[in-house]
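Peer 1: what shape does this take:
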Amino acid sequence: MCTVVFQLLQQPGAPSFFGASIMQDKDLNEYSPSTSSTSKSLSCSHHLCELGLSCPNPKQQCPYTINYYSDDTSTSGFLVEDVLHLVPGHHSDASNKSVKAPVIIGCGSKQTGGYLNGVAPDGLLGLGLGEISVPSFLAKAGYIKNSFSLCFNEDDSGRLFFGDQGIAEQQTTPFLPLDGKNLTYIVGVDECCVGSSCLDKTSFKILVDSGTSFTFLPDQVYGKVVDEFDRQVNASKSMFQGYPWQYCYKSSSHGVPKIPSLTLKFGASNTFVVSNPVFVIYGTQGAVGFCLAIQPTDGDVGTIGQNFMTGYKIVFDRENFKLGWSRSNCQEEPLNPSANGNSPNSLPTTEQQSSPNGHAVAPAVAGRTPSKSSAKCRLSFLANSFLLLLTVHISFIN
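Peer 2: Numbers count the residues shown, from 1 in each chain. Next up is the predicted model:
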């Protein structure tokens with residue numbers, strides 16, 4: 001199996017909006033550099049190759065290795081150059097002119113850990129703050145504003161837009177530096193509330209990471225939150241084998257009881273409300289139980305995972321270094337790429353980051369694992385989805 005990592009190269013000029021979606025049950029297409037008319041090897045002397053001045057021979061292909069914190073997971077292989085065809089999808093764009101975006105693809109030839117167990121069967125697409133991430137290259141090349149948004153729906157579908165800076169009515173909070181540097185998407189929580197009860201001494205930093213499936217809170221904050229949740233929920237505690245959460249409960253004959261919300265408070269009276277912070281467990285006769293879907297973590301930095309982002313449009317405004325959010329059902333909607341009235345370009349995706357505490361996972365299992373292995377390079381699952389929706393509308397990893 002060949003993992004694919006995309007990095008966009010500079011290219012001047014671009015249309016206004018580009019879009020993409022997450023479709024988890026689509027067949028995964030294979031990519032083979034040898035059958036692509038636009039593919040070419042990347043020399044180890046290329047400025048984006050880590051070998052750099054250590055390149056022994058410019059004719060040698062550039063190798064890469066990426067190690068993840070969890071489960072001894074890694075991928076290694078070589079880099080190739082190719083072209084993505086991005087189709088304007090905004091309905092107001094009658095020209096429907098396509099854009100050829102040069103990319104660098106990491107074609108994995110050796111995987112370990114989670115990759116061998118169905119994690120990210122078609123690879124990764126990264127949206128971090130590094131200079132070689134997809135949004136960084138798109139913005140630097142002039143395709144988009146330096147921002148993107150993502151949205152996860154209840155049915156596990158989703159959308160990502162590069163260049164989207166959200167709507168004027170969205171709530172926002174600034175990203176915080178880590179060790180004095182702007183390295184990742186961390187924000188500061190002032191206070192946690194369970195239902196209508198706000199808890200003392202529950203301020204902490206939290207990483208916003210769609211590449212992590214579930215949510216983690218620092219130990220001290222976690223203890224206060226779960227104790228208050230347990231006090232408020234009207235259900236008997238239970239254990240369900242194979243699930244990682246400590247606070248699980250039985251469902252009654254009437255199903256899952258009323259669940260208290262979890263609210264994260266930020267400065268300027270901004271709040272992020274998780275109306276349903278539980279994971280429901282189903283049996284043959286319906287719901288048999290539920291768990292509060294958060295886990296403790298060492299250190300003082302938690303993680304907001306994909307499960308708490310459901311029902312929101314999350315905006316990663318890297319240009320103004322702030323996080324934005326607004327309620328959304330993730331259906332196709334007119335894109336508002338700038339909350340300040342400007343008209344920047346837009347395009348979407350998802351990010352896979354490493355948590356400062358080391359508990360961040362390699363990409364979540366997406367859809368189904370291909371039934372057969374292949375020496376060919378498989379297009380990134382997220383990049384594949386990206387192309388699917390780009391043909392529908394325009395305004396969508398390191």
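
Peer 1: checking the residue lying closest to residue 266 once chain neighbours are set aside next. Helix, strand or coil?
Peer 2: Spatial nearest neighbour of residue 266, excluding adjacent residues (Cβ to Cβ, 6 or more residues apart in numbering): residue 173 at 4.1 Å. The C-beta positions use only the backbone N, C-alpha and C, and glycine is treated the same way. Classification of residue 173 using DSSP: H, G, I helix; E, B strand; the rest coil returns strand.

Peer 1: what about residue 173, how many residues nearby?
Peer 2: The number of residues packed near residue 173 is 21, by other Cβ atoms under 10 Å.

Peer 1: bridged to it, which residues?
Peer 2: Residue 173 has these beta-bridge partners by DSSP bridges: residue 323.

Peer 1: can you check residue 40 too?
Peer 2: In beta-bridge terms (that is, DSSP bridges), residue 40 pairs with residue 81.

Peer 1: now the closest residue to residue 73 other than its chain neighbours: how far from residue 72?
Peer 2: In space, and not counting its chain neighbours, residue 73 is closest to residue 113: 3.1 Å by Cβ to Cβ, 6+ apart. Distance, residue 113 to residue 72, by Cβ to Cβ, to the nearest Å: 5 Å.

Peer 1: out of those two, which sits in the more crowded spot?
Peer 2: When neighbours are counted by other Cβ under 10 Å, residue 113 and residue 72 differ, and residue 113 comes out ahead with 16 against 11.

Peer 1: go ahead and confirm the more buried one touches residue 74.
Peer 2: Yes. In this structure, residue 113 is within contact of residue 74 by Cβ atoms under 8 Å, at 6.5 Å.

Peer 1: mind listing the shared neighbours of these two?
Peer 2: Counting by Cβ atoms under 8 Å, 6 or more residues apart in numbering, the shared contacts of residue 113 and residue 74 are residue 68.

Peer 1: if we can go back for a sec, which residues touch the residue nearest to residue 266?
Peer 2: Taking Cβ under 8 Å, 6+ apart as the test, what residue 173 contacts is 187-188, 266-268, 270, 322-323.

Peer 1: checking residue 183 next. Helix, strand or coil?
Peer 2: Following three-state DSSP, residue 183 is assigned to coil.

Peer 1: confirm that residue 221 sits in a strand.
Peer 2: No. According to three-state DSSP, residue 221 belongs to no strand; its state is helix.

Peer 1: per-residue pLDDT, it?
Peer 2: Listed pLDDT for residue 221 reads 97.

Peer 1: returning to that earlier point: measure the residue nearest to residue 266 to residue 78 for me?
Peer 2: On the measure of Cβ to Cβ, residue 173 and residue 78 end up 40 Å apart.

Peer 1: tell me which helix or strand in the chain has the weakest average pLDDT.
Peer 2: helix 381-390 (a mean of 28; mean pLDDT, DSSP states H and E).

Peer 1: how many other residues sit next to residue 59?
Peer 2: 10.

Peer 1: again, but for residue 238
Peer 2: 15.

Peer 1: beta partners of it?
Peer 2: Residues in beta-bridge contact with residue 238 (DSSP bridges): residue 248.

Peer 1: I'd say it and residue 248 touch.
Peer 2: Yes. With contact defined as Cβ under 8 Å, residue 238 counts as touching residue 248 (5.4 Å).

Peer 1: what residue is smack in the middle of the protein?
Peer 2: residue 210 (3.1 Å; Cα atoms, centre = their mean).

Peer 1: and the gap between that one and residue 190?
Peer 2: For residue 210 relative to residue 190 (Cβ to Cβ), the value is 23 Å.

Peer 1: one more: residue 116?
Peer 2: 42 Å.

Peer 1: with residue 73 instead?
Peer 2: Looking at residue 73 against residue 190, where the rule is Cβ to Cβ, the gap reads 34 Å.

Peer 1: which of these two has more residues huddled nearby?
Peer 2: residue 73 (21 against 17).

Peer 1: who touches that one in this structure?
Peer 2: Here residue 73 is in contact with 67, 112-115, 119, 362 (Cβ under 8 Å, 6+ apart).

Peer 1: from those, list just the buried residues.
Peer 2: 113-115, 119, 362 (16 or more other Cβ atoms under 10 Å).

Peer 1: show me those that map onto strands.
Peer 2: Among the buried ones among the contacts of residue 73, DSSP state E puts none in strands.

Peer 1: tell me where the model's unsure across the chain.
Peer 2: Along the chain, the parts satisfying pLDDT under 70 run over 1-30, 69-71, 86-98, 332-398.

Peer 1: mind running it again at 50?
Peer 2: 1-25, 89, 91, 94, 334, 337-398 (pLDDT under 50).

Peer 1: just the helices in it please.
Peer 2: 134-140, 219-232, 306-309, 381-390 (DSSP state H).

Peer 1: can I get the ones you listed in a markdown table including distance to residue 206 and mean neighbour count?
Peer 2: A markdown table is the format used below for the helices of the chain (distance: least, Cβ to Cβ, whole Å; neighbours: other Cβ atoms under 10 Å):
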| stretch | distance to residue 206 | mean neighbour count |
| --- | --- | --- |
| helix 134-140 | 21 | 24 |
| helix 219-232 | 9 | 17 |
| helix 306-309 | 10 | 21 |
| helix 381-390 | 23 | 24 |
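
Peer 1: need those in CSV (columns: distance to residue 127).
Peer 2: Shown next, in CSV, are the helices of the chain (distance: least, Cβ to Cβ, whole Å):
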stretch, distance to residue 127
helix 134-140, 6
helix 219-232, 26
helix 306-309, 13
helix 381-390, 9
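
Peer 1: so which of these gets nearest residue 316?
Peer 2: helix 134-140 (7.9 Å; Cβ to Cβ).

Peer 1: list the contacts for the closest residue to residue 273 other than its chain neighbours?
Peer 2: In space, and not counting its chain neighbours, residue 273 is closest to residue 263: 4.9 Å by Cβ to Cβ, 6+ apart. If a contact means Cβ under 8 Å, 6+ apart, then residue 263 has 192-194, 198, 271-274 as its contacts.
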